[in-house]
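Asks: pasting the sequence and the predicted model now:
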Amino acid sequence: MREVIIPKTAITRYGKGVIMHFVKSKYDNCTWNKNFSTWHMLRNRYDNGHRDSQRSKLYEAEHDLIPPADDNSLEFHDVILKLAEVVNDTWFRKKFGRLFSDTELKVEDASARQDMAYALGTDKLSFPPHFCNLPIILHELTHIIVDRLSFVVHFRKKYTCHGRMFAFIYLELVKKYMGSENYTILKSGYKEFNVKYHNRIPQTHANKRVLRERFANNILNNK
């Protein structure tokens, strides 16, 4: 088995792809972010559960961000280089380094018959040829981040697959690695399709009572 070395990342080939090993970085123990008010949502998201209610909304919201299948597709080798570039970037390591410090990520070179890219659990990505572009790479990498966060940040509870946490981190990655224009496209898509990504405001007992009464009134009015 041949091993290829990219700076800060060991790449080992296996049957259907590669295994990427990310070494420790001096930035891995940084606090989440100096802008505490924004990145505090990494701890307090109210976003746990198994019901993936935002999936179709988020897919619609990112539609204008994704290039056509035959346009701007990367070779599998370039997908690996892009993943290594992003994960080893200083900005990324300051935010998520503790999730990738001395860890492995398996990346599969999938068959063209596979109908979409996948993130499987906390340590495997799968990319068929027509789904090798930067927004999809960032989308699937966000799944890895969110799944790993589930075990270290919010009391070991699993975050919703395409919930607020996912939407927030995906938007931040697009802003950093695809620029302000694409960030605006995705953010506008969130607004158009009502994709929630802001930190959820805890409800007081009084607010919950008002919401219950409003819900009951709506049911009565619709009868």
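Replies: Perfect, I can see it now. Just so we're clear, the structure is a prediction, and the values are computed from it rather than from any experiment.
Asks: going forward, measure contacts and count neighbours with C-alpha atoms only.
Replies: OK.
Asks: residue contacts, the closest residue to Asn133 other than its chain neighbours?
Replies: Excluding the flanking residues, the one nearest Asn133 by Cα to Cα, 6 or more residues apart in numbering is Ser73, at 5.3 Å. With contacts defined as Cα atoms under 8 Å, 6 or more residues apart in numbering, Ser73 is in contact with 129-133.
Asks: after the helix or strand where Lys106 lies comes which helix or strand?
Replies: With secondary structure defined by DSSP states H and E, Lys106 is part of strand 103-109. Once strand 103-109 ends, the next helix or strand along the chain (criterion: DSSP H and E) is strand 118-120.
Asks: now do that following strand: which elements does it pack against?
Replies: strand 124-127, helix 134-152 (3 or more Cα pairs under 8 Å, 6 or more residues apart in numbering; DSSP states H and E).
Asks: what residues does it touch?
Replies: With Cα under 8 Å, 6+ apart as the test, strand 118-120 has contacts from 125-127, 140-141, 143-144.
Asks: surely Tyr183 is within a helix?
Replies: Yes: counting by DSSP: H, G, I helix; E, B strand; the rest coil, Tyr183 is found in a helix.
Asks: what sits against it?
Replies: 171-172, 174-175.
Asks: go again with 6 Å.
Replies: Contact analysis of Tyr183 by Cα atoms under 6 Å, 6 or more residues apart in numbering lists 174-175.
Asks: could we number from 57 for the rest of this?
Replies: Taking 57 as the first residue, the last one we looked at is Tyr239.
Asks: tell me how far Thr198 lies from Ala117.
Replies: In this view, Thr198 and Ala117 are 16 Å apart by Cα to Cα, to the nearest Å.
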